[in-house]
Structure formats: C-alpha cells, structure tokens
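Q: okay, sequence plus prediction incoming.
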Amino acid sequence: MSQVRFIDTTIRDGQASLWAMNMRTRHMAPAMPLLDRAGFDQMEFLAPGSRLKKFVRHLRENPWDWIHTGARLARHTQLRWHGHISASTMSGTVPIEVGTLLFAKAVDLGIRYTRTGNNWNDFAKVAEDVERLAGIGMTSVVNVMYSVSPRHTDAYFLTKAREAAALRPWRLCFKDVGGLLTPERTRELLPKMMAETGDIEWEFHGHCNNGLGPLNAIEAVKAGVRYVHTAVPPLANGSSQPSIHNVAGNLRALGYDPYVDETPLREVTAQLTEIAHREGLPTGVPHEYDERLYGHQIPGGMISNLRHQLELAGVGDRLEETLEEAGRVRADFGYPIMVTPLSQYVGTQAAINVIVGERYGQVTDAAIEYALGLHGGEEATAGMAQDVRDKILDRPRAREIARTPRPDPTLNELRAKYGRGISDEDLILRTIVGDDALDVLRDAPPDTAGDKPLIRLIRELAEDSRPRLVTVVKPGMSLTIRKRSCGGWT
C-alpha cells in the first residue's frame, strides 16, 4: 500500500475561500490543537499581505495575536505560510526588506516553510524569492499554476515544470487555483509534467469550484503525487479544497494508505460548524458542474462581490452579462491566470464595462497599472490586445500613474519615518496595512461576538447604568454582582 500524506488548508485557504478571511484568532485557537493531533504532513497557516490588512481593517484584530497563538499551539505539525516576500496586494507591493523581515519573524517562531510562486508562472522572478527565503532559513514549495486558455497548452506546462524544477525546490505543487481541472485533464497532463522534473516530489492543490476537486485529487495520487491538500468540513468543498474525510475514504477504498487520524477532526468540524451557525458564516457544500466557469473563470468567492457591485449601481440583474464580459476582458488582457489580485482586476473591470455601457470608457487604476506592465511585466503586456491597451493608456490618469515612482523603502528609511524605537512587528503592520494601523487597533471595540449567551447577558447587564444588583441562578451555579457606591462592580 502506498502511503499518502495531507497538507491541511482549513485555517488558511479553506476559511479564505468560504469565510472571506473572516476567521478570527478565537476561532482558530480551539481548533489548532485538534488539527495538530491529526498527523498532517504540514498545515497551511497564513498568507501574509492582504490577510494582515483583513485582520486590522475589517476584523479590528492584531494579526500578531494569530501568528503567536498558532505557533504556540502547533506542537507536532509544521506550520507553513503561503506567499512570497514581495507579495502583491490589491493596494501595492510589500517592500522587499519588509517582506524579508516578516518572513524572518515567522522563522523565529518555528515556521520554516512557505508555498510560493508567481501569478504568471514566471520562474525567473520566483528564483529571486526562493533565494531570499533560503537566506533567512525558510524552505520553499514552488507552485506551477494551472489555467485554461489558448496560451496554456501542454507545451507551456511542460516548459514551466522544467523551469520550476531547475530551482531545485524542496517540493513542487501543481496548483489548480480556479478549480478548472477535470479528471481527464489531470490524467493527461500531470504525469507528463512529473516526468520532466526528476526526483522532486509533488503536491496537489485543487479547488472544488466545479465539483471536481475530489476526483482530481484521486487522479493526482494515481499519477504518483503523495502529498494532497485537503480541508476539514465545514471549510471544505464549495470553492475550497476537498474534504479530508472524502479523499481519505476514497483512497482507502482504492488500496492506498492515507496517513491521518480523523477522530480529532470530527471535533474540529463540530466547533467550526457551531461558529458558522452562530456568526452567519457559510459552510462548504459540493458545487454542481458548470460549463460556464471555463468562460469567465471568476473564482466563486468573487462572484458575490461582483453581484454586490452591480446592486450598488442599480444593475443587480446583469450578473450573467458581467460574467460573460469577464471572459472577454480576460482575453483582452492576454489570458492571465485568474488568481488574486489578477482575478479582481479582470472582474472589476468587467463590472465597470457593463455598468458604464462602454468597454474601457472608464478603467480602474489597477487596469492602468496592468497595461503599464506593473503587474506581470512583458509577460502581461505582450499578450494584451493592442487596441485595448492603447485605449486604457490614452488618458491623463494613465500618464499620471506612469510618472509616479514606485518606492521600495528600506528598513532604515522606515525606522526613520516611524521612529527608531518602533518594534519590528509594529513596523511591519504600519508598512503593509497603513500608517494608521496601530491607531485602528487601539481604537477597536472589544470583540464580544464569541461570548456564550450567559456571558453576553452578564456583560450587557453590567454595562447598563440602571441595575445595582444582578443575580443569575441556574442549576449548579449562582452568581451575584453588585454595583459599588464608588463605581464598578463586585
């Protein structure tokens, strides 16, 4: 029996795909010791960059609490980040020295692996990142990303597999970010790619956007992959990764030896399902196959955002038209792989085209930056439709952006800006999130959403100025709190 190991994605990609990165530290902390007991090969834990912004701007929570808590609780399983040093976000690129410091802080906490890559499978740029990561003690798994378009042929993927293998990474990962693979395509393409890469081991990371993720995972194992990415329900399926229970069960039925203890994972499912129901978060269910996905390739989690944009503009009934336009915009842009942030650039521009009623009559700054080559260089601009590129760049805003320098400040320059006494962690947050990041955290209201009903009742009564005496009695417990004459409660 061939043993198969699993990389868990529950608290990284699972919750990003299904909960829009709304998992809080108080959600993660109880699940981590249980996940840690399951025997995973590794657990993906954090994608720096936009995730840090989500913590501060939307959750009003310090991401370092998540990082320190998770690193402390994972005692048996190696944690892994997902990302690279100069990560692109929706609002810019992380300065190289800041990104290096961020990853070095992770290494100090024992997080010594990351899965990295490039949105264009540009392995000349990935090589620079792998070298920097190795210099601070972090080992790289390198993605080869799958997509479907006229440019993404067998010859393209075999070339990219050879280029990725030439970096001599610890492992390679075949990444189906859009859930576009089919079992037939997996059987046809993956063995050819693996034959080009010598003795480097492969992982498989696939999404379930089109309901085929579990089948593709099985085909990857049949091709010789021995490390498969899965998630724990309710953060599996949907637009996430396949369920560990489904994949492990199918592999056993096929005569493989899936190395995982599913017992603690059932408690993780119970915990996360209760959180989802209590806080109105979705749970993953298998998607039906939809042939239209191959036309627009918009990730499932983005479609709800597009619908919201259209509703705000009073054209909420034009979603299907927008999805069709997204396919045309992607072709105009030279068929980028629909991964963050490129998928957002394409989808948002498609929505604007539909709302305005003129293709590229109005464009986003991101579309201008893309046409200037700031998000992919020549790899991006060489494939663009020339008339579309000319129209995007023939406007004052494009000329303004082209003239604007793109700084890459050093740590010395940032410490001079923020004060020499600033901690590394605070400097990272202010640089990536914004100058006001610490103010946002300081002014954040207390997070009481996770309180149990009894605790929430006591808190509300204690904050009410009218009652002077509160008594709570239930079987096995009696609690009395009395307002003191000098203020406060006892």
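A: Yep, that arrived. Residues are numbered from 1 along each chain as shown.
Q: what about the residue lying closest to N237 once chain neighbours are set aside, distance to T404?
A: The shortest distance from N237 to any non-neighbouring residue, by Cβ to Cβ, 6 or more residues apart in numbering, is to G284 (3.9 Å). Any C-beta I mention is one placed from the backbone N, CA and C, and that applies to glycine too. Note on G284: its distance to T404, by Cβ to Cβ, to the nearest Å, is 41 Å.
Q: more neighbours: the two, which one.
A: Per other Cβ atoms under 10 Å, whichever of G284 and T404 has more neighbours is G284, with 24 against 9.
Q: wait, the more buried one sits on P234?
A: Yes - taking Cβ atoms under 8 Å as the definition, G284 is a contact partner of P234 at 5.6 Å.
Q: joint contacts of the two?
A: Common contacts of G284 and P234 (Cβ atoms under 8 Å, 6 or more residues apart in numbering): L18.
Q: any low-confidence regions in this structure?
A: Across the chain, the ranges flagged by pLDDT under 70 are 1, 87-92, 300-301, 450-468, 473-478, 483-490.
Q: one more pass at 90, please.
A: By pLDDT under 90, the weakly predicted segments of the chain are 1, 20, 47-51, 83-94, 298-313, 339-341, 375-377, 379, 406-407, 446-490.
Q: strands along that one, start to end?
A: Secondary structure of the chain (DSSP state E): strands located at 3-8, 42-46, 78-82, 88-89, 92-93, 113-116, 139-145, 171-176, 201-206, 227-230, 257-258, 469-474, 477-482.
Q: ok, and what's touching the second one?
A: By Cβ under 8 Å, 6+ apart, the residues outside strand 42-46 that reach it are 7-13, 35-36, 63, 66-67, 70, 74, 77-82, 111, 113, 115, 229.
Q: and for the longest one?
A: Under the contact criterion Cβ under 8 Å, 6+ apart, strand 139-145 has outside partners 80, 112-119, 121, 123, 126, 129-130, 133-134, 157, 160-161, 164, 167, 169-175, 177, 193, 203, 205, 337, 339.
Q: so which of the strands of the chain is nearest L323?
A: Counting by Cβ to Cβ, L323 lies closest to strand 171-176 out of these; the figure is 19.8 Å.
Q: please name the strands paired to the closest one in the sheet, noting orientation.
A: strand 139-145 (parallel), strand 201-206 (parallel) (DSSP bridges).
Q: what about dumping the CA coordinates of the last one to CSV?
A: It stands for strand 201-206. Extracted in CSV, the C-alpha atoms of strand 201-206 (Å, rounded to 0.1, in the frame of the first residue of the first chain):
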residue,chain,number,x,y,z
GLU,A,201,8.3,15.4,-5.0
TRP,A,202,5.0,16.9,-6.0
GLU,A,203,2.0,18.2,-4.0
PHE,A,204,-1.5,18.7,-5.4
HIS,A,205,-3.6,21.8,-4.5
GLY,A,206,-7.0,21.9,-6.1
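Q: just the angle for that strand relative to strand 78-82, thanks.
A: Using axes from the mean of the first three to the mean of the last three Cα atoms, to 10 degrees, the inter-axis angle of strand 201-206 relative to strand 78-82 is 60 degrees.
Q: so in this structure, which helix runs the longest?
A: helix 263-279 (DSSP state H).
Q: what packs against that helix?
A: Applying 3 or more Cβ pairs under 8 Å, 6 or more residues apart in numbering; DSSP states H and E, one finds that helix 263-279 contacts helix 25-36.
Q: I'd like to check the angle between the helix it packs on and strand 3-8, please.
A: 170 degrees.
Q: from N237, how far out is E288?
A: From E288 across to N237, the span is 12 Å (Cβ to Cβ).
Q: compare neighbour counts for those two and give me the winner.
A: Set E288 next to N237 and count neighbours by other Cβ under 10 Å: N237 wins out with 25 against 7.
Q: test my guess that that one contacts G206.
A: No - the pair N237 / G206 is not scored as a contact, 11.7 Å apart, by Cβ under 8 Å.
Q: burial measure for the nearest residue to K105 once chain neighbours are set aside, as a count.
A: The shortest distance from K105 to any non-neighbouring residue, by Cβ to Cβ, 6+ apart, is to D424 (6.3 Å). Using other Cβ under 10 Å, D424 is surrounded by 15 other residues.
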